[in-house]
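Chemist: Here's my sequence, what's the structure:
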Amino acid sequence: MIKVFDNFLKPSEHDFIYEFALNSHYKIGWNDTNNPEHKRYPNIYSSYSKEDVEKINILDPVNKILKNKHKNKATACIVNLTKPLDINFMHTHKDAMVALYYINTKWDKDWGGETIFYDKDGKSVLFTGPYTPNRLIYFDGSVPHTIKSQNILGPTYRFTLSLFFNKK
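Modeler: Presented below is the predicted three-dimensional model:
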């Protein structure tokens, strides 16, 4: 199950989240894998607290489109920051439903940065979500997925916000 919502937030709300992401504190690490080979290529991320999530007011619009399915109960909120030519790996979040939000306010389709979803064996592409500003993709975290980093013509940073919800 993969659902796409374009023009997800009002422009002022989108701009606020972008500015918030720009001013967040980031860590080096890789939480999406336990594979030691993958950990050689750490990513850059920011874990948002409950207060941060309330400040950016992302849960209300998510719950509105999902008809209050999760009732404001996100288990985690992570902003990933990728740079041109970063290495990313196929991974899953098997016990979670994920709301993935594209934060950048400007993006050219030729810069890349898409999210690719695969079948359960990881051999065939089910869906490719081009990086489109103000887009939310809601999906079952057990679907293997990865991102393709932007090319060197794109902006210095590509931001995504992921909200994780328990499936149960």
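
Chemist: Phi, psi for the residue lying closest to G154 once chain neighbours are set aside please.
Modeler: Nearest non-adjacent residue to G154, counting by C-beta to C-beta, 6 or more residues apart in numbering: W111, 3.3 Å away. For glycine as for every other residue, the C-beta is placed from the backbone atoms N, C-alpha and C. Phi and psi for W111, reported as degrees, to the nearest 10, are phi -80, psi -10.

Chemist: do P155 as well
Modeler: Main-chain torsions, P155, degrees, to the nearest 10: phi -60, psi 160.

Chemist: neighbours of the nearest residue to it once chain neighbours are set aside, just the number please.
Modeler: Nearest in space to P155, with sequence neighbours left out and distances taken as C-beta to C-beta, 6+ apart, is N104 at 6.6 Å. Other residues near N104 come to 21 when the count uses other C-beta atoms under 10 Å.

Chemist: re the thing from before, against K148, how distant is the residue nearest to G154?
Modeler: 10 Å (C-beta to C-beta, to the nearest Å).

Chemist: okay, those two: which has more neighbours?
Modeler: Each of W111 and K148 has its neighbours counted (other C-beta under 10 Å); W111 has more, 20 against 16.

Chemist: mind listing what that one touches?
Modeler: By C-beta atoms under 8 Å, 6 or more residues apart in numbering, the residues touching W111 are Y131, Q150, N151, L153, G154, P155.

Chemist: Against which helices or strands is the longest helix seen in the chain packed?
Modeler: Looking across the chain with DSSP state H, the single longest helix is helix 11-22. In this structure, helix 11-22 packs against helix 50-56, strand 158-166, with contacts taken as 3 or more C-beta pairs under 8 Å, 6 or more residues apart in numbering; DSSP states H and E.

Chemist: The closest residue in space to F20 that isn't next to it in sequence and F8: what is the separation?
Modeler: Setting aside the residues directly before and after it, F20 is nearest to I56 in space (C-beta to C-beta, 6+ apart), at 5.4 Å. Distance, I56 to F8, by C-beta to C-beta: 13 Å.

Chemist: which secondary element of this structure has the worst mean pLDDT?
Modeler: Here the helix or strand of the chain ranked lowest by mean pLDDT, DSSP states H and E is strand 27-29, holding a mean of 85.
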